[in-house]
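Peer 1: Give the three-dimensional model of this entry:
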Amino acid sequence: MEHRWSPRTRADLDVDLSFRGEIISRCKVRDIGMGGLFVEVDREFPRDTVVELKFKVVTDDQETKHRIRATVARSCESGLGMMFCDFDAGTFRSLQEVLHYAQGVSSHVATEGGRHPH
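Peer 2: The predicted model follows:
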């Protein structure tokens with residue numbers, strides 16, 4: 001049964017995961033929405049574990065870093081299903097920017113993949 005309160009967008013983003021001082025670098029975000037995301041990572045975490053996600057968004061040659069806290073809702077061999085926590089105005093703005101970036105990256109990849117050589 002689906003428990004999400006917001007739709008998810010397919011994504012291909014790198015994210016660093018920070019947990020109790022340990023950093024797991026360059027994990028892959030498979031999908032993301034305002035409520036949460038799925039991260040491909042080769043390590044399982046217990047449900048309800050709180051981690052910090054560190055995104056790097058590059059637009060117009062400008063790099064912006066976003067830190068967003070999330071709680072593990074599901075853990076499996078292929079990765080972690082997570083819900084965002086501490087949903088304040090800053091988190092909301094960060095999520096909007098990351099989502100906008102993810103949608104742009106996804107459409108760029110789809111466009112590049114769909115081109116035929118002339």
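Peer 1: Any idea what the residue nearest to Ile68 when sequence neighbours are not counted is bridged to?
Peer 2: Excluding the flanking residues, the one nearest Ile68 by C-beta to C-beta, 6 or more residues apart in numbering is Leu53, at 4.9 Å. Where C-beta positions appear, they are placed from N, C-alpha and C, glycine not excepted. With DSSP bridges applied, Leu53 shows beta-bridge pairing to Leu17, Ile68.
Peer 1: before we move on, what about the one 4 residues further on?
Peer 2: Legend: beta-bridge partners of Val57 under DSSP bridges are Thr64.
Peer 1: For it, give me its contacts.
Peer 2: With contact set as C-beta atoms under 8 Å, 6 or more residues apart in numbering, Val57 has these partners: 63-66, 97-98, 101.
Peer 1: Phe19 now?
Peer 2: 45, 49, 51-52.
Peer 1: In ChimeraX, select just the buried ones from the contacts of Val57.
Peer 2: Here is the ChimeraX command that selects the buried residues among the contacts of Val57 (16 or more other C-beta atoms under 10 Å):
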select :66,98,101
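Peer 1: and the two most separated of the contacts of Val57?
Peer 2: Glu63 and Val98 (13.1 Å; C-beta to C-beta).
Peer 1: would you turn the contacts of Val57 into a markdown table with pLDDT and distance to Cys85?
Peer 2: Converted to a markdown table, these look like this (pLDDT from 0 to 100; distance: C-beta to C-beta, whole Å):
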| residue | pLDDT | distance to Cys85 |
| --- | --- | --- |
| Glu63 | 90 | 25 |
| Thr64 | 90 | 21 |
| Lys65 | 92 | 19 |
| His66 | 92 | 15 |
| Glu97 | 90 | 18 |
| Val98 | 91 | 15 |
| Tyr101 | 86 | 21 |
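Peer 1: which one of the contacts of Val57 is nearest Gly35?
Peer 2: Closest to Gly35, out of all of the contacts of Val57 and judged by C-beta to C-beta, is Val98, at 13.0 Å.
Peer 1: Skip the chain neighbours and tell me the closest residue to that closest one.
Peer 2: Going by C-beta to C-beta, 6+ apart, Val98 has Phe55 as its nearest residue, at 5.1 Å.
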